[in-house]
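# give me the fold of what follows.
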Amino acid sequence: MAAEEELRRPGSPLWVEEPVGTPRLPDPVRTAAVRAVIIVAVTLTQGMTALLFTVTGSWPAFPLLLSTVVSTVVATWGVLDVWVTRQVWKQRHGVESLPSSAARRGRRERRGARGTQRDRPPGAVPAGV
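Sure thing, here's the model as predicted:
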């Protein structure tokens, strides 16, 4: 709505930049993803060509079929590479991790118990016994 009103005013910019909802992928992950997309596209094209050669009974059908099988393995490897690269990047550069409220409560109780135990004189009997 605000963007449309801004465009109606004279002297307004040609476009209004809006913030992106999701952050951009890290460079190594994006590189692996582009590589995987290209490999998968080539494999699918190769598979369709092998299918058409097989249907027409052409002689390159068998070698193309074998290379399509190999390309499928390579494409699977490429997609797994994207996943592994993403996980490695997350581990190396950290991910914001917030403990749940239950974990925070338990940690607070343990810390409080240690504090009262430290404040007690040696040889004293705990209050709950």
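
# use CA for all of it now, contacts and neighbours both
Fine.

# what helix or strand is residue 107 located in?
Following DSSP states H and E, one finds residue 107 within helix 101-119.

# let me know the helix or strand that residue 13 is in.
Residue 13 belongs to no helix or strand, assigned by DSSP H and E.

# quick one, phi/psi of it?
phi -70, psi 160 (degrees, to the nearest 10).

# what of the one 4 residues further on?
With angles defined as degrees, to the nearest 10, residue 17 shows backbone torsions of phi -80, psi 130.

# what's the burial count for it?
By the criterion of other C-alpha atoms under 10 Å, residue 17 has 8 neighbours.

# what does the one 4 residues further on give?
Neighbours of residue 21 under the rule other C-alpha under 10 Å: 6.

# that one and residue 49: what is the separation?
Distance, residue 21 to residue 49, using C-alpha to C-alpha, to the nearest Å: 39 Å.

# repeat for residue 106
From residue 106 over to residue 49 (counting by C-alpha to C-alpha), the distance is 61 Å.

# neighbour count winner among these two?
residue 49 (17 against 11).

# residues in contact with that one?
With contact taken as C-alpha atoms under 8 Å, 6 or more residues apart in numbering, residue 49 is in contact with residue 64.

# if we use 10 Å, what do you get?
Taking C-alpha atoms under 10 Å, 6 or more residues apart in numbering, we find residue 49 in contact with 43, 55, 60-61, 64-65, 68.
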